[in-house]
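**Q** Everything below, folded, please.
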Amino acid sequence: MIDKPGNYELGSIESRTAARAMMERIQTARKKNVIVVRIEHIGHDGKEPLPLSQRIPWEGGVTEIVHVSSSSS
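**A** Numbers count the residues shown, from 1 in each chain. Just a heads-up that it's a prediction; the model follows:
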């Protein structure tokens, strides 16, 4: 069972310890799920082909580099 701050008396050492542990779990979960998307070449003239997209994994998540050409509508 995961301790919650509300299981203990308000302001007690146990309550504060449980709150710190809860915040650490939340921060760790957020760090694991980071996705960074970088878009390049918006409005590309089409004279040369666009580079392929890249996916770069790193410790805290993944970075996706995407190249977007202009639409011909």
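**Q** any idea how far residue 9 is from residue 16?
**A** 11 Å (Cβ to Cβ, to the nearest Å). All C-beta atoms are positioned from the backbone trio N, CA, C, and that covers glycine.
**Q** cool, and residue 49?
**A** From residue 49 to residue 16 the distance is 58 Å (Cβ to Cβ).
**Q** One more: residue 5?
**A** For residue 5 relative to residue 16 (Cβ to Cβ), the value is 8 Å.
**Q** Those two: which is more packed in?
**A** Using other Cβ atoms under 10 Å, the more surrounded residue of residue 5 and residue 16 is residue 5, with 18 against 13.
**Q** Beyond the worst-scoring helix or strand of the chain on mean pLDDT, next helix or strand please.
**A** Least confident helix or strand of the chain, by mean pLDDT, DSSP states H and E, is strand 34-44 with a mean of 70. Sequence order places strand 54-58 as the next helix or strand after strand 34-44, per DSSP states H and E.
**Q** tell me the angle of the next helix or strand after that next one relative to strand 54-58?
**A** Sequence order places strand 61-69 as the next helix or strand after strand 54-58, per DSSP H and E. Relative orientation of strand 61-69 versus strand 54-58 (axes from the mean of the first three to the mean of the last three Cα atoms, to 10 degrees): 160 degrees.
**Q** Number the chain from 53, please
**A** Okay, using 53 as the starting number, the last item reads as strand 113-121.
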